[in-house]
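S.K.: Give the three-dimensional model of this entry:
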Amino acid sequence: MSKFYTALLAPIADAHQIVLLPEPTWTTDDKDTKYNPLAFLEGEGFTPQEDFTAWRTENGYKSLHDFMDNAKYSVTSGADSACGFTDPNGTPQPIPEGNAMRSTGYTHDGPCEVWIDDTMVLDGENCHEKFPGKDYTVDYSACKGTCTLRWYWMGVRFLKNAYSWQVYKACIPLTGSGGGTPETSGSVATTEATEAPEVRSTGSHWDATPARFKLPKKTWLQTTQGFAPILRWLPQYQVHRDLKLDIVAGITVPMMLIPQEVSLSTIMNAPAHHGLYMAATAPLVYAIFSSSTALSVTSCSEVSLLVDTILEDIDDQDELKIAKEKFFSTLVLMQLFESPSKEEAKAAEEERVLTTVQPTGAETQTIHSHGFALTDQQYVRMETTYAARHSIHEGRSSGADEKSLQELPRRSKGVLHAIFLARAKCDLGPLVMCIFGGIVDYELGPPHLKLTGTIPGGFPSPEVPWYGFTSHLIAGDKFDSTLNHTLTVVVMMFLSSIAMAKRLGIQRGEDINTDKELTGLGIASIVCGFFRAMLPTGGMSCAAMNLMNAHTQLASIITCLIVILALYTLTGTLHYLPSATLASIIIVAGYSLVEFKEAKWLYLVKRDEFAVWTASFILTLGLGVLDSLIASIVCSILALMWKTKVSPVIFLGELDNGILVDPWNGASAITGYHHARCVVDDRNMNGMDATTIQVMSDTQEKLAVRKVLFAIANAKSRAYNLLSATNRIKHLCGNPSIPVEEAVRILHDLPPSDHNKPRTSGVAV
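M.R.: The predicted model follows:
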């Protein structure tokens, strides 16, 4: 969606940062990889603090450049330790006009430096404050013909009651002499379209490119770590710091997980032990292949309801058993090879929450929420609370804060123990209900209550999931219907699991790799299919408990071991569990699925998405689980199509005094206005299809006939390459990737044609 602008637009901050001008040559096409830090130094043997510059000076490093290039730390797999994911031998870029440099903005505190070869041309101890915008000037005079611009930034963030140092680097080869200005011809400045950089594509053309353009070859260890992230974090595991909390989480989670799995099996109309089989296998497999340290894969209510809806028309119990096993194992084939699109990756990147810090000592309160629909305000309050507490602990608070801290009454150990027990009771609600149900069953006796029944003990032996077809228990013509239902459940699993992983990653300051999450879920589903287990997905309640205690996925491995132990020792006890107890657990889990707080927030912030939420809610009540899911997806697609097609177009006129006005809303301010210049802001356009390119070309030609100058601003790499491929870039005024303000300045420097001279002092753009 594009808008016609001449006013300067407020910059939109990205979660992390890259250099935009001069444009780097990237060694990766993945946007998440470009934006993410190259290293988190708190996991590399460093002890981050707020003042990095003071720490650097104390440890003998002369500059940020000296530290980042000489300190010992490992970078992200596939990145170059000196230049990250930028190619220092890429296509040399011309020195920008006006000594300009542009990035996506310093969104966090921390020092930065820019070097031209061996000369530092820009620096700041806190570039978040020194360079609040995206554009700044750099002295390029140190560049004599050819040189390399090196950019360094140490992002300093406060996460989980501790500081985090995040490394960012970029290397950009330059050509030309520094300090140059645009060439002029006579007294009239002319602007020519910048030639498009060489577009390197995959296939045979890539094979013909020089070796310097190719990605560095990964070692066998890096390849293995990319497939199984456990091999990356396990060697760096700190026993004295992580083991205690991982054990606590590993023991606490199964206390809630075991009764929860028995309850969700009831929702599916499946025997209870199938849920326990999943809890004994999926978390262990997922811990090997996932990139999240907090997400715990279990059963969830929404997926259980979907599976029950799909399988409810099967009467024969043997056929039902085989169909479920076939369903669970078939589902993973879609998950394992599912890959998020670039638009989904962009949406996930834009979903990152930018936190703000209030003055130290401000009274804040952390708000917890069950489910994955946490609001932006909650994240801001969490970050603020952490910052306020840390500032008090470090002695940086004001005198009033210290006085108020001293006046706080100290709680006795008995009160603290009572608070701990109360919180444990709330967190382990399913376990408490099971204990209460067992006591009631003991008092009333089995004749008065409906019990869970016999649960087989022990761990099942593996069996191929498709034996129902080979033994002719299931007709072969039912495979197509099962596969169609699988596609529906994949959507639900993908949305719930990835959304939960992303939310937890935001709270922990982690970067979640969507491909690895899907791979972990897929392989876990395959293993569950061989052991007749239920369907694994991101569990909200268990993940919330992991978030409070667990530091690594070792907690999930401990959870699996405890569940396996329970299969051999506690199944007899679960026989006497009343069905009413399981029903209460299901009711509580179902109630948490309705997020009215999210609806209220959407109503205040985004009315269009609130309309989609309301329609989906009503359709769910009227159509049921499966049909309403499809209807909700259709509503979302229709809303997206409406927002895409109904694009606001704003025409602004500029008076002699520089004031921009709307000719339609203030027609009396401008009489006899004309259209002499047109700028299309392309910042929100990720790409262009064939129709868009044709319309853009037709618009440019019609404007040219009317002597109207035409320019495009803020074109992203994909749109830039499409314009270059269609040869439209030569007919534009200036480079389409420049900012709006620069495009306006270029068009102002170009005089209008005599045929289109203004009849008044106003100039419309």
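S.K.: Verify the stated contact: Cys434 with Glu261.
M.R.: No: with contacts counted by Cβ atoms under 8 Å, Cys434 stays clear of Glu261, the gap being 11.8 Å. For every residue, glycine as well, the C-beta is placed using N, CA and C.
S.K.: ok, and for stretch 88-95, which residues are buried?
M.R.: 88, 90, 92-93, 95 (16 or more other Cβ atoms under 10 Å).
S.K.: Stretch 678-692 too?
M.R.: Those would be 678-683, 685, 688, for stretch 678-692 by 16+ other Cβ under 10 Å.
S.K.: Equivalent analysis for stretch 632-643, please.
M.R.: Buried residues in stretch 632-643, counted by 16+ other Cβ under 10 Å: 632, 635.
S.K.: What lies in contact with it?
M.R.: 1, 491, 608-609, 611-612, 615-616, 619-620 (Cβ atoms under 8 Å, 6 or more residues apart in numbering).
S.K.: By pLDDT, give me the weakest of those residues.
M.R.: pLDDT across these is lowest for Met1, at 40.
S.K.: Next one: Gly622 relative to Glu741, how far apart?
M.R.: Applying Cβ to Cβ, to the nearest Å, the value for Gly622 to Glu741 is 51 Å.
S.K.: Pick out whichever of these two has more residues nearby.
M.R.: Per other Cβ atoms under 10 Å, whichever of Gly622 and Glu741 has more neighbours is Glu741, with 16 against 9.
S.K.: what helices or strands is the helix or strand where that one lies leaning on?
M.R.: Assessed by DSSP states H and E, Glu741 sits inside helix 740-749. Packing partners of helix 740-749 (3 or more Cβ pairs under 8 Å, 6 or more residues apart in numbering; DSSP states H and E): strand 677-681, strand 709-713.
S.K.: any chance of those in CSV, plus mean pLDDT and distance to Cys542?
M.R.: Putting the helices and strands packed on helix 740-749 into CSV (pLDDT from 0 to 100; distance: least, Cβ to Cβ, whole Å) gives the following:
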stretch, mean pLDDT, distance to Cys542
strand 677-681, 80, 45
strand 709-713, 84, 48
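S.K.: can you redo these as a markdown table with distance to Met534?
M.R.: As requested, the helices and strands packed on helix 740-749 are exported to a markdown table (distance: least, Cβ to Cβ, whole Å):
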| stretch | distance to Met534 |
| --- | --- |
| strand 677-681 | 50 |
| strand 709-713 | 53 |
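S.K.: quick one: which of these is nearest Ala543?
M.R.: strand 677-681 (40.0 Å; Cβ to Cβ).
S.K.: And the next helix or strand past that closest one?
M.R.: Following strand 677-681 toward the C-terminus (DSSP H and E): helix 690-705.
S.K.: Send over that next one as PDB, restricted to the C-alpha atoms.
M.R.: Extracted in PDB, the C-alpha atoms of helix 690-705 (Å, rounded to 0.1, in the frame of the first residue of the first chain):
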ATOM      1  CA  ALA A 690       2.900  -7.800 -13.100                       C
ATOM      2  CA  THR A 691      -0.300  -5.700 -12.800                       C
ATOM      3  CA  THR A 692       1.300  -3.200 -10.400                       C
ATOM      4  CA  ILE A 693       4.300  -2.800 -12.700                       C
ATOM      5  CA  GLN A 694       2.100  -2.200 -15.700                       C
ATOM      6  CA  VAL A 695       0.000   0.400 -13.800                       C
ATOM      7  CA  MET A 696       3.100   2.100 -12.500                       C
ATOM      8  CA  SER A 697       4.600   2.300 -16.000                       C
ATOM      9  CA  ASP A 698       1.300   3.600 -17.400                       C
ATOM     10  CA  THR A 699       1.100   6.200 -14.600                       C
ATOM     11  CA  GLN A 700       4.600   7.400 -15.300                       C
ATOM     12  CA  GLU A 701       4.000   7.700 -19.000                       C
ATOM     13  CA  LYS A 702       0.700   9.700 -18.500                       C
ATOM     14  CA  LEU A 703       2.500  12.100 -16.100                       C
ATOM     15  CA  ALA A 704       5.300  12.500 -18.500                       C
ATOM     16  CA  VAL A 705       2.900  13.600 -21.200                       C
END
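S.K.: Residues contacting that helix, please?
M.R.: Applying Cβ under 8 Å, 6+ apart, the external contacts of helix 690-705 come out as 678, 680, 688, 709-710, 722, 726, 728, 731-732.
S.K.: Show me the domain layout of this structure.
M.R.: 14-195, 238-344+450-593, 595-647, 653-764 (automatic domain parsing).
S.K.: how about TSV for the buried residues of stretch 88-95, with distance to Leu243 and pLDDT added?
M.R.: Compiled in TSV, these are given as follows (distance: Cβ to Cβ, whole Å; pLDDT from 0 to 100):
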residue	distance to Leu243	pLDDT
Pro88	42	90
Gly90	45	88
Pro92	51	90
Gln93	49	90
Ile95	54	89
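S.K.: can I get these in TSV with distance to Val563 and secondary structure?
M.R.: TSV is the format used below for the buried residues of stretch 88-95 (distance: Cβ to Cβ, whole Å; DSSP: H, G, I helix; E, B strand; the rest coil):
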residue	distance to Val563	secondary structure
Pro88	51	coil
Gly90	52	coil
Pro92	59	coil
Gln93	57	strand
Ile95	62	coil
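S.K.: Skipping adjacent residues, who's closest to Ala599 in space?
M.R.: Spatial nearest neighbour of Ala599, chain neighbours left out: Trp613 (5.5 Å); criterion: Cβ to Cβ, 6 or more residues apart in numbering.
S.K.: Quick check: that neighbour touching Glu598?
M.R.: Yes: Trp613 is within contact range of Glu598, at 7.4 Å (criterion: Cβ under 8 Å).
S.K.: Summarise which helices and strands the longest helix along the chain is packed against.
M.R.: In the chain, assigned by DSSP state H, the helix with the most residues is helix 479-508. Contacts defined by 3+ Cβ pairs under 8 Å, 6+ apart place helix 479-508 against helix 301-311, helix 317-337, helix 376-393, helix 514-530, strand 537-539, helix 540-549, helix 625-645.
S.K.: repeat that for 7 Å
M.R.: helix 301-311, helix 317-337, helix 514-530, strand 537-539, helix 540-549, helix 625-645 (3 or more Cβ pairs under 7 Å, 6 or more residues apart in numbering; DSSP states H and E).
S.K.: If I average pLDDT within each of those, which one is lowest?
M.R.: Among the helices and strands packed on helix 479-508, helix 317-337 carries the lowest mean pLDDT (a mean of 45).
S.K.: For stretch 105-118, C-alpha coordinates in PDB please.
M.R.: Listed next in PDB are the C-alpha coordinates belonging to stretch 105-118 (Å, rounded to 0.1, in the frame of the first residue of the first chain):
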ATOM      1  CA  GLY A 105      17.900   3.600  13.600                       C
ATOM      2  CA  TYR A 106      19.600   3.000  16.900                       C
ATOM      3  CA  THR A 107      16.700   1.500  18.800                       C
ATOM      4  CA  HIS A 108      18.700   0.500  21.900                       C
ATOM      5  CA  ASP A 109      21.400   2.200  24.000                       C
ATOM      6  CA  GLY A 110      25.000   1.500  23.300                       C
ATOM      7  CA  PRO A 111      28.100   2.900  21.600                       C
ATOM      8  CA  CYS A 112      28.700   2.900  17.800                       C
ATOM      9  CA  GLU A 113      31.600   3.700  15.500                       C
ATOM     10  CA  VAL A 114      32.000   4.200  11.800                       C
ATOM     11  CA  TRP A 115      35.500   3.800  10.200                       C
ATOM     12  CA  ILE A 116      36.800   4.500   6.700                       C
ATOM     13  CA  ASP A 117      39.700   2.000   6.500                       C
ATOM     14  CA  ASP A 118      41.900   3.000   9.500                       C
END
